[in-house]
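K.L.:
Show me how the following folds:
(chains A, B and C)
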Amino acid sequence: MESHRVLRESQVMKIHYVTGIAAIFVVAVHILMRLIVPFELSLEYDYIIANYKNIIYVLILESILVLISIHGFNGMRIILLELRQTKRWENMVTVVTISAMIALIAYGTRTIILANGL
Amino acid sequence: MKEIEQPSRNNLEGVKGWLNPSRYGWERISYWFQRLTGVFLLIYFIGHVYETSTIVNGQNAWESFLELTQTVWGHLFLIMVIGASTFHSANGIRLIFTHAGIGLGTPSRPDYPYSPTSLNYRQKSGIWIALILSAAAMFYGFNVLFGE
Amino acid sequence: MSNTENKYEETITLKVYRENRGQKTGSHYDNFEVPYKRWTTVLDALLYAKSYIDPSVAIRYSCRMASCGSCGMKINGIPRLACYTKISELETSTIECEPLANFPIIRDLVTDFSLFFNHHKEMQPYIQSKENSENDTEKKTFSFYQSPEDVDKYLQFSYCIKCGLCYSACPTVGTDLRFPGPQALAQLYRYYADTRDESKNRLNIVDDRHGIWRCHFAGSCSKVCPKGVDPALGIQLLRSYMLGISKNNKEPAKKIEIITDEEENNDNNS
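P.N.:
Here you go, the predicted model:
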């Protein structure tokens, strides 16, 4: 029953804490980048595309995407697991949250790659 | 695994028990806010990734989407997001310290009035700092978005 | 004398939850007008109602001094011990008495503690020491040596009276039946921190999806505990060991073999 689990719950929670702390730093950088330029400029199409060409910015965006997806969907998994405890529900929660996480990361990475190539 | 019975049979408080945090003090309120802001931020994050992805469809798509979000309601929503993320981060840092056993006091011999050392002034001030930082960030965001 | 007695001879309304799960007749609230004095506890008031107004009210109580943990109930919405709560400290004109939340109701204010005790049993709440299990044939008698500092590490958690107030207050217990609850987890820490215990398995018992990780330090357990056990502290300290932040460097308690007078005489004679 327990042996097919890939990760022990303590390992999952360590990932949750680490992604949370790391996300604070990268999100702070993301927000600061909007605050150091005039507000209207930060929303202009050309300015944003120029940012996407910058490899450092791309890496920051990608790490925000991965870290927050993991942290957020794991948090959702925890809340959903507390609501009901049948085997069917628990398996469904695990499958849905992990697939939603992968889907969001894939979609966001696609955006970054396409915007970088434009 | 033993069959889990219906909540009503078990007299479980259920989700309704989550909805009234003020009867147990500040730590319960901060737990409630942490959950609420977490779910709210997750929903916002999914929307944000979708929203910013419109840029790959060209300048026209981007600007028509901007018209949707650069409105008064859009700005107010963003201020809520700023407040939620600041509280969630600051309170999260406090929780990481407590989960590591730091800032809670040490076990001792209980004596009347049996005040629990884990609910000490450090925890309460940590919660208050998170709330104040969140309010300050919302205020600053308001100035940036609605200022001049 | 009679003046001061009249000053405090007031009545209060007790609103008591009534239900009989066995009969399935639904639930309702009964109001009882009960006189009270300055030091009257909620338990005193309930027993007055039971003695003089309605004998069918079901209440569990025993020691009347916050030592047995029997009289836990929800008073004005918060889990409290009825014998430990004075009417005068409640400051409302109606006092609402309901059975503890998160426990199945048997009748009126009496609840079923079986799942609560089962969770406690899952934690293996007893000292496990190597010598006891291996050399049974030799049957040596040992006493453990513990300094006052060793005792202080777990003493406050050993004062738990299993009243169930913390289990009732916990938000996770409110939705998750497989979560052991603050009482069981604090008792796990009580044995983990005890230098007499040598079990290596304790942390694995709760390293589970519904184990210690579903505690989020809402602190309600410690807020309602009447004995100052502070289960939230025990759980966070246990968690720090599970995260690897606190290292378990406790030295097992020294065992001192007890030689009885009879054995000593045999040794001297042989």
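
K.L.:
all contacts plus neighbour counts: C-alpha atoms, from now on.
P.N.:
Noted.

K.L.:
quick one, helices of chain A?
P.N.:
A:9-35, A:39-42, A:45-53, A:55-83, A:87-117 (DSSP state H).

K.L.:
what separates stretch B:128-141 from the chain centre, distance-wise?
P.N.:
12 Å (C-alpha atoms, centre = their mean, to the nearest Å).

K.L.:
Could you pull up the mean pLDDT of it?
P.N.:
Mean pLDDT, stretch B:128-141: 94.

K.L.:
So which of the helices of chain A is the most surrounded?
P.N.:
helix A:55-83 (a mean of 19; mean count of other C-alpha atoms under 10 Å in any protein chain shown).

K.L.:
count of neighbours near B:Gln70?
P.N.:
14 (other C-alpha atoms under 10 Å in any protein chain shown).

K.L.:
Now the phi/psi pair for it, please.
P.N.:
phi -90, psi 50 (degrees, to the nearest 10).

K.L.:
Surely C:Val34 is in a strand?
P.N.:
Yes: judged by DSSP: H, G, I helix; E, B strand; the rest coil, C:Val34 forms part of a strand.

K.L.:
Check the spacing between it and C:Gly72 real quick.
P.N.:
Going from C:Val34 to C:Gly72 by C-alpha to C-alpha, to the nearest Å gives 20 Å.

K.L.:
more neighbours, the two?
P.N.:
The neighbour count for C:Val34 versus C:Gly72, taken as other C-alpha under 10 Å, is higher for C:Gly72 (28 against 18).

K.L.:
which parts of chain C sit against chain B?
P.N.:
Within chain C, the positions adjacent to chain B are C:77-78, C:101-105, C:152-156, C:171, C:173-175, C:177, C:216-220, C:222-223, C:226-230, C:232-233, C:236-237, C:239-240, C:243, C:245-246 by C-alpha under 8 Å from any C-alpha of the partner chain.

K.L.:
Those residues in helices, which ones?
P.N.:
Of the positions in the residues of chain C next to chain B, C:152, C:155-156, C:220, C:222-223, C:232-233, C:236-237, C:239-240 sit in helices, assigned by DSSP H.

K.L.:
which among the residues you listed gets closest to B:Gln34?
P.N.:
Using C-alpha to C-alpha, C:Ser220 is the member of those that sits closest to B:Gln34, with 15.3 Å.

K.L.:
which stretches of chain A have low pLDDT?
P.N.:
Applying pLDDT under 70 to chain A flags residues A:1-4, A:118.

K.L.:
If we check chain A, which of the residues of chain C next to chain B are in contact?
P.N.:
Residues shared between the residues of chain C next to chain B and the neighbourhood of chain A are C:175, C:177, C:243 [C-alpha under 8 Å from any C-alpha].

K.L.:
Hmm, A:Gln85 and the second one touching each other?
P.N.:
This points to C:Leu177. Yes: C:Leu177 lies in contact with A:Gln85 (C-alpha atoms under 8 Å); the separation is 7.5 Å.

K.L.:
quick one, which of those two is more surrounded?
P.N.:
C:Leu177 (23 against 19).

K.L.:
Name the residues of chain C found near chain A, please.
P.N.:
C:172, C:175-178, C:207-210, C:213-214, C:242-243.

K.L.:
hmm, 10 Å instead?
P.N.:
C:171-179, C:204, C:206-214, C:239, C:242-243 (C-alpha under 10 Å from any C-alpha of the partner chain).

K.L.:
ok, the residue positioned nearest the centre of chain A to B:Gly105 distance?
P.N.:
Of all residues in chain A, the one closest to the mean position by C-alpha atoms, centre = their mean is A:Ser69, 2.5 Å from it. Counting by C-alpha to C-alpha, the gap from A:Ser69 to B:Gly105 is 34 Å.

K.L.:
Turn the ones in helices among the residues of chain C next to chain B into JSON lines, columns for pLDDT and neighbour count.
P.N.:
As requested, those are arranged in JSON lines below (pLDDT from 0 to 100; neighbours: other C-alpha atoms under 10 Å in any protein chain shown):
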{"residue": "C:Asp152", "pLDDT": "93", "neighbour count": "16"}
{"residue": "C:Leu155", "pLDDT": "95", "neighbour count": "20"}
{"residue": "C:Gln156", "pLDDT": "94", "neighbour count": "21"}
{"residue": "C:Ser220", "pLDDT": "94", "neighbour count": "27"}
{"residue": "C:Ser222", "pLDDT": "95", "neighbour count": "29"}
{"residue": "C:Lys223", "pLDDT": "94", "neighbour count": "25"}
{"residue": "C:Ala232", "pLDDT": "95", "neighbour count": "28"}
{"residue": "C:Leu233", "pLDDT": "95", "neighbour count": "29"}
{"residue": "C:Gln236", "pLDDT": "95", "neighbour count": "27"}
{"residue": "C:Leu237", "pLDDT": "94", "neighbour count": "24"}
{"residue": "C:Arg239", "pLDDT": "94", "neighbour count": "25"}
{"residue": "C:Ser240", "pLDDT": "93", "neighbour count": "19"}
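
K.L.:
Only alpha carbons, please: show stretch B:88-95 as CSV.
P.N.:
What follows is stretch B:88-95, C-alpha atoms only, in CSV (Å, rounded to 0.1, in the frame of the first residue of the first chain):
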residue,chain,number,x,y,z
HIS,B,88,1.3,34.8,2.4
SER,B,89,5.1,35.3,2.0
ALA,B,90,5.7,37.0,5.3
ASN,B,91,3.5,34.6,7.3
GLY,B,92,5.0,31.7,5.4
ILE,B,93,8.5,32.7,6.6
ARG,B,94,7.2,32.8,10.1
LEU,B,95,5.7,29.3,9.7
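
K.L.:
Now tell me what touches that stretch from outside.
P.N.:
A:17, A:20-21, A:23-24, B:30-31, B:33-38, B:41, B:82, B:85-87, B:98-99, B:101-103, B:122-123, B:126-131, B:133-134, C:216-217, C:236 (C-alpha atoms under 10 Å, 6 or more residues apart in numbering or on different chains).
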